[in-house]
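S.K.: Pasting the sequence and the predicted coordinates here, then a few questions.
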Amino acid sequence: MCDTLVAVGAESADGVTVFAKNSDRKALEAQPFLQFPAAAHPPGSTVRCTHVEIPQVAETYRVMGHSPWWVWGFEHGVNEHGVAIGNMTVFSKEPVEEQPGLIGMDLVRLGLERGRTAREALEVIATLLESHGQGGAAFAPGASGYHNAFLLADPEEAWNLQTTGRRWAARRATLDACSNHLSLGADWEIGSRDLDAFARAAGWCTGSGRVDVAAAYRQTGVPARISEPRLRRARELLAASSRRVDVAVMERILRDHHDGGTVLPPGATPDDDRFFTLCAHNDVTGPTTASLVARLPRERDVPWPVWIGFATPCTGVFLPVYLDGVIPASLARGGAEPSDDSVWWAFKRLQDAASADLPRHTPRLRAGWSELEGEVEAERVAVERRAAGLRRRGDADGAATLLGDFMARTWEAALKTADRLRGEIG
C-alpha cells in the first residue's frame, strides 16, 4: 500500500513541481536506496527485471530510488531529467495474470531509465504493460501480484496513470494524490484501445458514454475501505496548502496522523479512519518503510536535492541525496536479515524502539532530529552553491565529489543520531 502526491506549477509555493510518496510494505522488508548511472547498450541487449527478461534500449538514463531488497525495480525514484515516478497497488475486478510479467516497481524504474518527461515515461510504461503484462510476486517473495497505479511528474506537468491487467487510462494532474484504489472516472484523457470494449464485454459498463474507469473496473470492499480515507485526507491536506506546497509541506503530509499531527493517536481500530493514516503503522497494509520528496526544478545545470527517509517518517528524518554525486554505500545496503551497516535497518530499529510508546517517544524524536536538520540545511545551501560554481567552470567531477562528500557526512551523522536517540528512548 502507498500514497503519492504532487503539486505542479502555480499549486506549489514557488512554481516548481513537488512530488512525494510513502511506500508501505512488509514490516521487515528492507528497502535500501539505490543509484544507477546512465549507460549505453549494444543492439540485441536484454535486461533481467524481477521476474522476466525484456529487450533493452540503446540508452538508459541516470536514476536513483528506493527498492525492496529482492526487487529489480523501484517503489519510487527520480532520473537525471527531473522525472519522478511512484507506484501504488490497486484492486480491479479483472484477475491478475498468473504468468510472470513486469511488476509495478519494475515499470517505475523502466519509466525513469527510458523517459525524459513524465509523458514520455508514461508511454514507456503503457507500452511495456501492454507487451509484457503485470504478474508475479510483488508484495513479498512468493506472494501474488497486483495491478498498479502510477503518479508521474516532471518540471512541467504530472500524470495520474491507472492500470488493470494490460489496460490503462491516464489524465493530467496539477494538485492531486493517488492511493490504493482506481479513482479515475470518465475524465481520463488517454487510454489503451480496448479499455472501453473490455469493460463492456464483461458487463461492467452499459452506458452510452465513455467508460468510467473506477465504476467499471474497481473492486470494492475491504481494499477501498482502507484506501479511501487516506486518499481523501491527502487531497484535503493538499487543498489546504494550495499555492503554498513546498518540501516541508509534503514532509508534513507524509508524517500525517490526522488530529495527532506527527504523533499516532492511541486507541484507533481498523473501523476508524485514524487507523489507516498516511504515515502507516499497522499490520493490515504494512507500515511505511521508505519515503521520498522531490522538488523538480526546470534548471538542470545546478545541483538539485531529493529528500529521502527510511522506515516511518514520523520517527525518522528526511535528508538530501543527489544524482550528481555518489550516494553513501550504507544507503544501498539492506537485505532479508538485519545488518549493522545499513541505514534502513538503523532507522527500523529506531522505529521499533519508538513503537513501545509512540505518543511519548515521537515528540522526543522530532525534537532530537531538529538539530541535525538545521545543521544539514545550512550546509546544504552552501554546498550546492559551491557545486554550481564548479560546474559553471567546467569541473563537473569536482562538483560530484563535493556533493558525494556532503552526502557521506550527512548520513554518517544521521546514523549516529539514530543510535543516540534509540538509546535515549530505549
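M.R.: All right, it came through fine. Just so it is clear, the structure is predicted and the values come from calculations on it, not from any experiment.
S.K.: Name the secondary structure element that contains W159.
M.R.: Element membership for W159, per DSSP states H and E: strand 158-164.
S.K.: Neighbours of T220, how many?
M.R.: One way to gauge burial is a neighbour count; for T220, by other C-beta atoms under 10 Å, it gives 11. From N, CA and C alone the C-beta is placed, and that goes for glycine too.
S.K.: Tell me where the model's unsure across the stretch 201-350 of the chain.
M.R.: Within the stretch 201-350 of the chain, the segments meeting pLDDT under 70 span 222-223.
S.K.: Roughly how far does the closest residue to R333 other than its chain neighbours sit from W369?
M.R.: Distances taken as C-beta to C-beta, 6 or more residues apart in numbering place S342 nearest to R333, at 4.1 Å, with adjacent residues excluded. In this structure, S342 and W369 are separated by 19 Å, where distance is defined by C-beta to C-beta, to the nearest Å.
S.K.: what's the helix or strand hosting T410 packed up against?
M.R.: Taking DSSP H and E as the definition, T410 sits inside helix 396-425. Using 3 or more C-beta pairs under 8 Å, 6 or more residues apart in numbering; DSSP states H and E as the contact test, the elements touching helix 396-425 are strand 319-321, helix 343-354, helix 358-392.
S.K.: okay, these in a markdown table with mean neighbour count and distance to R25 next?
M.R.: Listed next are those as a markdown table, based on neighbours: other C-beta atoms under 10 Å; distance: least, C-beta to C-beta, whole Å:
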| stretch | mean neighbour count | distance to R25 |
| --- | --- | --- |
| strand 319-321 | 23 | 20 |
| helix 343-354 | 23 | 11 |
| helix 358-392 | 16 | 19 |
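S.K.: circling back: could you point out the helix or strand that follows the strand holding W159?
M.R.: strand 167-173.
S.K.: May I see the buried residues of that next one?
M.R.: If you call a residue buried by 16 or more other C-beta atoms under 10 Å, then strand 167-173 has these buried ones: 167-171, 173.
S.K.: hey, where'd the helices end up in this protein?
M.R.: 104-114, 118-132, 195-201, 213-217, 222-240, 247-254, 343-354, 358-392, 396-425 (DSSP state H).
S.K.: would you turn those into TSV with distance to E59?
M.R.: Listed next are the helices of the chain as TSV, based on distance: least, C-beta to C-beta, whole Å:
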stretch	distance to E59
helix 104-114	8
helix 118-132	13
helix 195-201	31
helix 213-217	33
helix 222-240	35
helix 247-254	30
helix 343-354	30
helix 358-392	22
helix 396-425	19
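S.K.: Which of the ones you listed has the lowest mean pLDDT?
M.R.: Between the helices of the chain, the one with the least mean pLDDT is helix 222-240; it has a mean of 90.
S.K.: Name the surrounding residues that touch that helix.
M.R.: Under the contact criterion C-beta atoms under 8 Å, 6 or more residues apart in numbering, helix 222-240 has outside partners 1, 3, 5, 7, 11, 91, 175-181, 183, 218, 245, 253, 256, 258, 273, 276-278, 284-285.
S.K.: out of those residues, which are inside strands?
M.R.: Judged by DSSP state E, the subset of the contacts of helix 222-240 located in strands is 3, 5, 7, 175-178.
S.K.: Can you give me the neighbour number for A214?
M.R.: Using other C-beta under 10 Å, A214 is surrounded by 18 other residues.
S.K.: Name the residue closest to the centre of this structure, please.
M.R.: H76 (3.4 Å; C-alpha atoms, centre = their mean).
S.K.: Could you check how far V211 is from Y146?
M.R.: Separation of V211 from Y146 (C-beta to C-beta): 21 Å.
S.K.: typo on my end, T174
M.R.: Counting by C-beta to C-beta, the gap from T174 to Y146 is 27 Å.
S.K.: Give me the spatial nearest neighbour of T277, chain neighbours excluded.
M.R.: In space, T277 comes closest to H257 once its chain neighbours are excluded; the distance is 4.7 Å by C-beta to C-beta, 6+ apart.
S.K.: Restricting to C-alpha, output stretch 124-144 in CSV.
M.R.: What follows is the C-alpha trace of stretch 124-144 in CSV, where atoms were taken according to Å, rounded to 0.1, in the frame of the first residue of the first chain:
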residue,chain,number,x,y,z
VAL,A,124,7.1,3.7,-21.9
ILE,A,125,5.2,2.1,-19.0
ALA,A,126,2.0,1.8,-21.1
THR,A,127,3.8,0.1,-24.0
LEU,A,128,5.7,-2.3,-21.7
LEU,A,129,2.5,-3.1,-19.8
GLU,A,130,0.6,-4.0,-23.0
SER,A,131,3.5,-6.1,-24.2
HIS,A,132,4.6,-8.0,-21.1
GLY,A,133,1.6,-7.7,-18.7
GLN,A,134,1.9,-7.4,-14.9
GLY,A,135,2.2,-10.6,-13.0
GLY,A,136,4.3,-12.4,-10.4
ALA,A,137,5.1,-11.8,-6.7
ALA,A,138,5.2,-8.1,-6.0
PHE,A,139,4.4,-7.6,-2.3
ALA,A,140,6.7,-10.3,-0.9
PRO,A,141,8.7,-13.2,-2.4
GLY,A,142,6.3,-15.9,-3.3
ALA,A,143,3.2,-13.7,-2.8
SER,A,144,0.7,-12.9,-5.5
